[in-house]
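[1] I would like the atomic coordinates for the input below:
(2 chains)
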Amino acid sequence: MGVEFEPKIVAFMCNWCTYAGADNAGVARMESPSNVLPIRVMCSGRISPEMVMRAFRAGADGVLVMGCHIGDCHYSTGNHRSVKRMPLLRNLLATVGVNPERLELTWVSAAEAPRFVQVTHSFTDKIRSLGPLSQEVAE
Amino acid sequence: MNKLIIDGAEYQAQDDQTILDVCRQNGIEIPTLCYHPAMEPYGACRLCTVEVIRHGWSNLHTACTHPAWDGLEVKTQSPAVYDVRRTLMGLFLSRCPHVPVIQNLARQYGVTEPPFATDDPDQKCILCGLCVRVCNDLVKANVINFSDRGIDRQVGPPFLEKTRDCIGCGACTIVCPTGAIDIVLEEAGVYAEKPLGPTAAIYVPSLQAVPRVPVIDTDSCIRFRQQDRSNGKIADACGVCQTLCEANAIDFDQQDEILDLTVGSVIVATGFEMWDPKKLSQYSYGRSPHIITGMEFERLSNAGGPTGGQILLSDGSKPKRVAIIHCVGSRDHNAHAYCSRICCMYSLKHAHLVRDKTGAEVYEFYMDMRAFGKGYEEFYERVQEEGVTMVRGRGAVVDVLPNGKLRVKGEDADLGKLLAVDVDMVVLSTAIEAPHDADKISALFGLGRTADGWFAEAHPKLRPVETNTDGVFLAGCAQGPKDVPDTVAHAGAASAAVLGLLDRGEVVIAPTVAEVNRDDCVGCGDCLLVCPYTAITRVEGKAQINAALCKGCGTCVATCPSGAIMALHFTDDQIVAQIDGVLAWA
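    Sure, this is the predicted structure:
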């Protein structure tokens, strides 16, 4: 293994909080890992389980779903749906042989650029230590 | 209804009325000194004496105490009455030869010189007892009363000593007919507590108040305090303001009103709060009356303030040296990291005011001088020319010395030396911060807040007054620290944005809305449950989306078990293409 494993991580970000937070991180010249591949949606409530599964199938080693803090949702209750869906999906992941740790739901507000950087770094580190998904599923 | 004859004409009177009441009501002039409509008549001055004829018997009586009985005949101008009043005015003038009210009345009865010897030419009190009655019967403060008898009779607090029981309401000075009582602000210059000096419980909040009407301070109003003590059961104390107000404008039962308004836009202009300098103990705020905030300095130097605008220490003397410390709570990682923007300029103004009003030496401790606005740099230069000592460096510590003086320690960064200055007064230019309950407003309108607590605008450069909630706009310091010109400009922009909406009469909505494919919809209704905007209804057994209500969050799209809903511009196909695209690298 000469080359260290670099995971691919799909990050679904809501338009109002996390995407703005990521934007602010960039404006402030903070560095976030290039492993994280952002996909903007209007609300974390827009993320259906199929999308997460699609990301894993297309080769993602980890999936981050990020939205506004509970109570701060631009659409009032969109993130309430995510908070119900994602834990359920994590349970299902185990049944198909995917470590549930590869999916994470977390909140980053528009004002939390440092938190965005911290969350993306720590998740990348975690996935890096878990190794490639292809290897895990093969086992 | 009683009928009585006054000066030959017949008048009607109620049972509870006095002769004076009837006369006043009908414009018949009777002079009084000890009478006040807010209080029970007392008959002390005897000046309202009239001739009362009942059953053929004539008698001299005080009109203020005599009931207006049926069948009375009253003469208010008879020679006997004139004689009595003339004698009285002679006595009054002998007692108080220099009181204008007495002089004028005496002249009306032909007395121009005191007929008797004068004891004390400066005497103003005629012992009418109005002040005693107002203090004891109405205000119920029981501070002043009569003492001694006969020629030694006098009015004052117990043992004629200063009393702390006086609440400084000023009622006695107002009712006193001869101006014999002054409220003396013995502790002028005390500004340890807001509102920086004694005031009555009813006052006009500030000289510039809009609307310029008095308010009642329910915390210090005697009547409200009594009400509080009795859990709202008793409310009979004082009420002097109500009795005296000729416009009948005092309403003790008035409550705060909550108005329900239906509006299309909201401008959030909730402003700021002053940061509390007690949070950083090195400034010793609260440990000396001479360590004050910039806001307290403003009050002190205000012409309507407790010292009439003079800058004084608590002993009433002018300070000789004043230190002004910038950035107290701003640009400080122990408080607020941001610059409050307004402090540099108001600190310079304070320095100018101190120089102008007291000539004291002024030491201005600053880190950087942020004179950013139009004409600000010129003002900075002018203040420097006025002889203000500028010390570049944060004023780090304020010590209260045993002799009451204050020692400000800091670093002069220009000289690279530590510095200590002993001063008489320290003005802390405190930071401004978001109101403590901004989180409630933020939750109410769905507003974001930046890390420093201010409400977040939709875009820091391009949409400075809009928020991410349609129809809600920001003005002024609610969005971040601003001085007056910037606030006016920002608020003007916010109102223009609202006017733009009003003028158009219709709103533009984003095209990112959801759409139902009726062929695929099975009418399960899950989408109806998750929509935060109730934009979805069931029409003929199938979901239908009102595009005007839909905000395009896409929650229904993710929820639909049959994939019948599509989020325009965020379709499944588009997102999947993005997923595949980003993962196709390398």
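
[2] where in the chain is pLDDT low?
    Unless you meant another one, I'm taking chain A. Scanning chain A for pLDDT under 70 picks out the ranges A:1-3, A:138-139.

[3] wait, I meant chain B there
    Counting by pLDDT under 70, the ranges of chain B that qualify are B:168-169, B:183-200, B:585-586.

[4] residues from it in reach of chain A?
    B:443, B:446, B:448-451, B:456, B:468-469, B:512, B:530, B:532-533, B:551-555, B:557-559, B:567, B:570, B:572, B:575-576, B:578-580, B:582-585 (Cβ under 8 Å from any Cβ of the partner chain). From N, CA and C alone the C-beta is placed, and that goes for glycine too.

[5] Can you name the residues that contact residue B:346?
    Contacts for residue B:346 were tallied using Cβ atoms under 8 Å, 6 or more residues apart in numbering or on different chains; they are B:294, B:298, B:429.

[6] before we move on, which element is it in?
    Assigned by DSSP states H and E, residue B:346 belongs to helix B:343-358.

[7] Which SSE is immediately downstream of that helix?
    Taking DSSP H and E as the definition, the helix or strand right after helix B:343-358 is strand B:361-366.

[8] got the angle for that following strand vs helix B:343-358?
    Per axes from the mean of the first three to the mean of the last three Cα atoms, to 10 degrees, the angle that strand B:361-366 makes with helix B:343-358 is 180 degrees.

[9] Up against chain B, what does chain A have?
    Counting by Cβ under 8 Å from any Cβ, chain A comes close to chain B at A:8, A:10, A:16-17, A:37-39, A:41-43, A:45-48, A:50-51, A:54-55, A:58-60, A:71-72, A:74-78, A:81, A:85, A:109-112.

[10] Out of those residues, list just those in strands.
    Of those, the ones assigned to strands by DSSP state E are A:10, A:37-39, A:41.

[11] Residue B:106 should be in a strand, yeah?
    No. With DSSP: H, G, I helix; E, B strand; the rest coil as the criterion, residue B:106 is located in helix rather than a strand.

[12] May I have the residues that are in contact with it?
    Applying Cβ under 8 Å, 6+ apart to residue B:106 gives the contacts B:89-90, B:92-93, B:112.

[13] Let's see that with 10 Å instead.
    B:85-86, B:88-94, B:96-97, B:99, B:112-115 (Cβ atoms under 10 Å, 6 or more residues apart in numbering or on different chains).

[14] Any of those buried? List them.
    Restricting the contacts of residue B:106 to buried positions leaves B:85-86, B:88-94, B:96-97, B:99, B:114, with burial counted as 16 or more other Cβ atoms under 10 Å in any protein chain shown.

[15] which ones among those are found in helices?
    Assigned to helices by DSSP state H, the following of the buried ones among the contacts of residue B:106 qualify: B:85-86, B:88-94.

[16] Nearest to the spatial middle of chain A, which residue is it?
    residue A:64 (0.7 Å; Cα atoms, centre = their mean).

[17] Which residues are in contact with it?
    Counted by Cβ under 10 Å, 6+ apart, residue A:64 has contacts A:9-13, A:18, A:36-39, A:55, A:102-106, A:108, A:119-120, A:123-124, A:127.

[18] And for residue B:446?
    Residues in contact with residue B:446, defined by Cβ under 10 Å, 6+ apart, are A:16, A:68, A:71-76, B:467-470, B:472.

[19] before we move on, what SS does the residue sitting nearest the centre point of chain B have?
    Geometric centre of chain B, nearest residue: residue B:205, 4.0 Å, by Cα atoms, centre = their mean. In three-state terms, and counting by three-state DSSP, residue B:205 is coil.

[20] neighbours around the closest residue to it other than its chain neighbours, how many?
    Nearest non-adjacent residue to residue B:205, counting by Cβ to Cβ, 6 or more residues apart in numbering or on different chains: residue B:215, 5.8 Å away. Burial measure for residue B:215: 11 neighbouring residues, criterion other Cβ atoms under 10 Å in any protein chain shown.

[21] still on that earlier bit, now the residues of chain B next to chain A: which count as buried?
    Listed as buried from the residues of chain B next to chain A are B:446, B:448-451, B:456, B:468-469, B:512, B:530, B:532-533, B:551-555, B:557-559, B:567, B:570, B:572, B:575-576, B:578-579, B:582-583; burial here means 16+ other Cβ under 10 Å.

[22] how many neighbours does residue B:71 have?
    Residue B:71 is flanked by 11 other residues according to other Cβ under 10 Å.

[23] rewinding a little: filter the residues of chain B next to chain A down to the ones in strands?
    Going by DSSP E, the strands hold residue B:567 from the residues of chain B next to chain A.

[24] Out of the residues of chain B next to chain A, name the ones that lie in helices.
    B:443, B:530, B:555, B:557-559, B:572, B:575-576, B:578-580, B:582-583.

[25] now, the most widely separated pair of the residues you listed?
    Across those, the longest distance by Cβ to Cβ is 38.8 Å; it joins B:443 and B:580.

[26] still on that earlier bit, closest to residue B:225 out of the ones in helices among the buried ones among the contacts of residue B:106?
    For those, the nearest to residue B:225 is residue B:92 (37.7 Å; Cβ to Cβ).

[27] Report the separation between the closest residue to residue B:179 other than its chain neighbours and chain A.
    Once flanking residues are discounted, residue B:179 sits nearest to residue B:124: 6.3 Å by Cβ to Cβ, 6+ apart. The gap separating residue B:124 from chain A is 67 Å, by Cβ to the nearest Cβ, to the nearest Å.

[28] how about residue A:14, phi and psi?
    Listed backbone geometry of residue A:14 is phi -80, psi 150, with angles given as degrees, to the nearest 10.

[29] should've said residue B:527
    Torsion angles, degrees, to the nearest 10, at residue B:527: phi -60, psi -30.

[30] Assess the claim that residue B:182 and residue B:174 are in contact.
    No. With contact defined as Cβ atoms under 10 Å, residue B:182 and residue B:174 do not form a contacting pair (11.7 Å).

[31] neighbour-wise, which of these two wins?
    residue B:174 (16 against 11).

[32] related to what we said a few turns ago, I'd like the contacts of residue B:446 as TSV, with distance to residue B:253 appended.
    Shown next, in TSV, are the contacts of residue B:446 (distance: Cβ to Cβ, whole Å):
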residue	distance to residue B:253
A:16	46
A:68	45
A:71	38
A:72	41
A:73	43
A:74	44
A:75	44
A:76	39
B:467	39
B:468	43
B:469	38
B:470	41
B:472	35
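
[33] Can you list the buried residues in stretch A:29-37?
    Within stretch A:29-37, the residues scored as buried using 16+ other Cβ under 10 Å are A:32-33, A:35-37.

[34] Let me fix that, I meant to ask about stretch B:40-60.
    Those would be B:41-52, for stretch B:40-60 by 16+ other Cβ under 10 Å.

[35] any idea how far that stretch is from the chain center?
    Between the centre of stretch B:40-60 and the centre of its host chain there is 47 Å, according to Cα atoms, centre = their mean, to the nearest Å.

[36] Extract the C-alpha trace of that stretch and format it as PDB.
    In PDB, the C-alpha atoms belonging to stretch B:40-60 read as follows (Å, rounded to 0.1, in the frame of the first residue of the first chain):
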ATOM      1  CA  GLU B  40     -60.000  68.200  52.000                       C
ATOM      2  CA  PRO B  41     -60.600  71.800  53.000                       C
ATOM      3  CA  TYR B  42     -58.800  73.000  56.100                       C
ATOM      4  CA  GLY B  43     -59.800  76.600  56.700                       C
ATOM      5  CA  ALA B  44     -56.300  77.600  57.700                       C
ATOM      6  CA  CYS B  45     -55.800  80.900  55.900                       C
ATOM      7  CA  ARG B  46     -59.400  82.200  56.500                       C
ATOM      8  CA  LEU B  47     -59.100  84.200  53.400                       C
ATOM      9  CA  CYS B  48     -62.200  82.700  51.800                       C
ATOM     10  CA  THR B  49     -64.300  84.100  54.600                       C
ATOM     11  CA  VAL B  50     -67.800  85.100  53.500                       C
ATOM     12  CA  GLU B  51     -70.900  86.400  55.200                       C
ATOM     13  CA  VAL B  52     -73.400  83.600  55.700                       C
ATOM     14  CA  ILE B  53     -77.000  84.600  56.600                       C
ATOM     15  CA  ARG B  54     -79.200  81.700  57.800                       C
ATOM     16  CA  HIS B  55     -82.600  82.100  59.500                       C
ATOM     17  CA  GLY B  56     -81.900  85.900  59.600                       C
ATOM     18  CA  TRP B  57     -78.700  85.500  61.500                       C
ATOM     19  CA  SER B  58     -75.500  86.700  59.900                       C
ATOM     20  CA  ASN B  59     -72.200  85.100  60.500                       C
ATOM     21  CA  LEU B  60     -68.700  85.100  59.000                       C
END
